[in-house]
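In: A predicted structure for the sequence below; I have some questions about it.
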Amino acid sequence: MRSSVRLGSGPGFSLDAVTCADDHRRWSGAEVGDAHRVVLVRRGRFRRMSGGRVADLDPAMAYAALPGQEEHFAHPAGGDVCTALTVSPGLWRTLSGGRPVRAQLYVDAPLDLAHRRLLRAARAGDTPFALTEALLGLVAATLTGVPSEIAAGAATGVVRRAREAVAAGHPAAGGLIPLAALLGVSPFQLSRAFTRVVGVSLTHYRNRVRVGRVLDRLEQGERSLAALAADLGFADQAHLTRTVRGHLGHTPAALRRLLAPERSIT
């Protein structure tokens, strides 16, 4: 028996925790998907057969599946728990730059960390940036060859334009993928260039800008944290609170009292 829990989703991708309680040595019936999938094992182990090749999967070995690929599974050691990242063909082309995919990949320590960061980003609720930026590392690990990066001189200009778009509240700055499209680079190139030039991730930088706007609004006497979260593009009030606390060590309510103690907050 297999069950799935949605951890997060965005335009063209979804992230699920998949639990299989099967215990059988025989191969399952054929399964065919219509999207790219990267599957990492969190607990347990199982076997996968595709194109006549058999792979033994466990927390140290993951696999990538292509659209239209026929798969069969066996669970000779009992159940397992996996993380499944599903990406539409169009988004995969954008993220991969057309590079070929490894069908099976060793989960080294950096990839294990990328997996855990992806799960953490899903819990945080920032799909347009934090979750999208986290999945880039996972996708990159499945691709052959070295991903291209922006040359040092050009990177400075791209990062400057990215910062200007974030500061101006450009509609494309609402997500990593549309922002990269606006700048004419891949999401991977933008993410890597931004961290290299600024010293922090694009997600962190964007949140720092939004935290500054939160402080401005609180100083001006903003009374509704829910309205503040909606106006500044946070997923909800809880996401606003987590982000502000992460940057300043205080909740918005506490900061409101510090900045405008003469008025109460709702």
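Out: Everything's here; your move.
In: ok, which stretches of the chain are strands?
Out: Assigned by DSSP state E, the chain shows strands spanning 2-10, 13-20, 31-32, 36-44, 46-50, 53-57, 61-65, 70-74, 80-87, 104-106.
In: among those, which is nearest residue 209?
Out: strand 2-10 (20.5 Å; Cβ to Cβ). Yep, even glycine has a C-beta here, placed from its N, CA and C like the rest.
In: pretty sure residue 186 contacts residue 91?
Out: No: here residue 186 lies out of contact with residue 91, judged by Cβ atoms under 8 Å, at a distance of 11.5 Å.
In: would you list the strands of the chain in JSON lines and tack on mean pLDDT and distance to residue 249?
Out: What follows is those, written out as JSON lines (pLDDT from 0 to 100; distance: least, Cβ to Cβ, whole Å):
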{"stretch": "strand 2-10", "mean pLDDT": "91", "distance to residue 249": "26"}
{"stretch": "strand 13-20", "mean pLDDT": "94", "distance to residue 249": "29"}
{"stretch": "strand 31-32", "mean pLDDT": "94", "distance to residue 249": "48"}
{"stretch": "strand 36-44", "mean pLDDT": "95", "distance to residue 249": "31"}
{"stretch": "strand 46-50", "mean pLDDT": "94", "distance to residue 249": "43"}
{"stretch": "strand 53-57", "mean pLDDT": "94", "distance to residue 249": "41"}
{"stretch": "strand 61-65", "mean pLDDT": "95", "distance to residue 249": "36"}
{"stretch": "strand 70-74", "mean pLDDT": "94", "distance to residue 249": "46"}
{"stretch": "strand 80-87", "mean pLDDT": "95", "distance to residue 249": "31"}
{"stretch": "strand 104-106", "mean pLDDT": "92", "distance to residue 249": "38"}
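In: what about the protein, any weak spots by pLDDT?
Out: 146-147, 260-266 (pLDDT under 70).
In: now the helices for it?
Out: 89-96, 109-124, 132-141, 152-168, 176-183, 187-198, 202-219, 225-231, 237-248, 252-259 (DSSP state H).
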